[in-house]
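Engineer: 3D model of this:
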Amino acid sequence: MRELLEKTLSMNELDIRKHLRTAAVGGLIGATAAGFGYRKGLSQREVEKPVEKPISITKVEHPVELQIDIQKIAKIESSNNPNAVNKRTGARGLCQIMHLTWEEMVSKMGVDWSWEKAFDEEANKEVANYYMNIEIPRLLKYYGLDDTVENRLAAYNWGPGNLSRKGFENAPQETIDYIERYKSL
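Structural biologist: Below you'll find the model as predicted:
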């Protein structure tokens, strides 16, 4: 599983699209070949079965050994209050995760957690950990940005799109303060 994760993290969006196109064409050719009675070729390749149950990602190590401490994030974001709600943004829970981010991450994690589960301490930390230590590094690579503590924290606080479009040097003071607070804990 770790090898698959490392391979996925190393792929950019164009590689992923190319592999998906290849798989789609291969599936079409394989199905056609099978329909005509051919026994060799694409129709005979074994396909790896998806994981039945997702593994807990709380302890996943990042391939480059850079790990953001989610306990520190919970302290900064909510003062460790699992019931915290940001009235301005709607972010919830210990790590103050936005609704759309929650939905996207639980889907990628392969878990069926409702938005209400964002108030569950462990679920919130798992989603935040997945986002911070798996998804954000993938996005940084996609945008051609270095995977550093500062960039990860800026992407988490300010958004990876803002970081990519506007550049770290234009980050708002809130994001600069966020990074400094993380480093001081």
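
Engineer: For the rest of this, base every contact and every neighbour count on C-alpha atoms.
Structural biologist: Fine.

Engineer: Val149 touches Asp69, doesn't it?
Structural biologist: No. Counting by C-alpha atoms under 8 Å, Val149 does not reach Asp69; the two are 10.3 Å apart.

Engineer: low-scoring pLDDT stretches of this structure, where are they?
Structural biologist: Along the chain, segments meeting pLDDT under 70 span 1-64.

Engineer: One more pass at 50, please.
Structural biologist: Residue ranges of the chain with pLDDT under 50: 1-2, 4-5, 17, 19-64.

Engineer: where do the strands sit along it?
Structural biologist: Applying DSSP state E to the chain gives no strands.

Engineer: Between Val149 and Asp69, which is the more surrounded one?
Structural biologist: Set Val149 next to Asp69 and count neighbours by other C-alpha atoms under 10 Å: Val149 wins out with 15 against 12.

Engineer: which residues does the more buried one contact?
Structural biologist: If you count contacts by C-alpha atoms under 8 Å, 6 or more residues apart in numbering, Val149 has them with 66, 68.

Engineer: Could the C-alpha coordinates of stretch 128-146 be exported in CSV?
Structural biologist: C-alpha atoms of stretch 128-146 as CSV (Å, rounded to 0.1, in the frame of the first residue of the first chain):
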residue,chain,number,x,y,z
ALA,A,128,-6.7,16.9,8.7
ASN,A,129,-3.7,14.5,8.8
TYR,A,130,-4.7,13.1,5.3
TYR,A,131,-5.1,16.6,3.9
MET,A,132,-2.0,18.1,5.5
ASN,A,133,0.4,15.2,5.0
ILE,A,134,-0.8,13.5,1.8
GLU,A,135,-3.1,15.7,-0.3
ILE,A,136,-1.3,19.0,0.2
PRO,A,137,2.1,17.6,-0.7
ARG,A,138,0.5,16.1,-3.9
LEU,A,139,-0.9,19.5,-4.7
LEU,A,140,2.3,21.3,-4.0
LYS,A,141,4.1,19.0,-6.4
TYR,A,142,1.3,19.5,-9.0
TYR,A,143,1.8,23.3,-8.7
GLY,A,144,5.5,23.0,-8.9
LEU,A,145,6.0,24.2,-5.3
ASP,A,146,8.5,22.9,-2.8
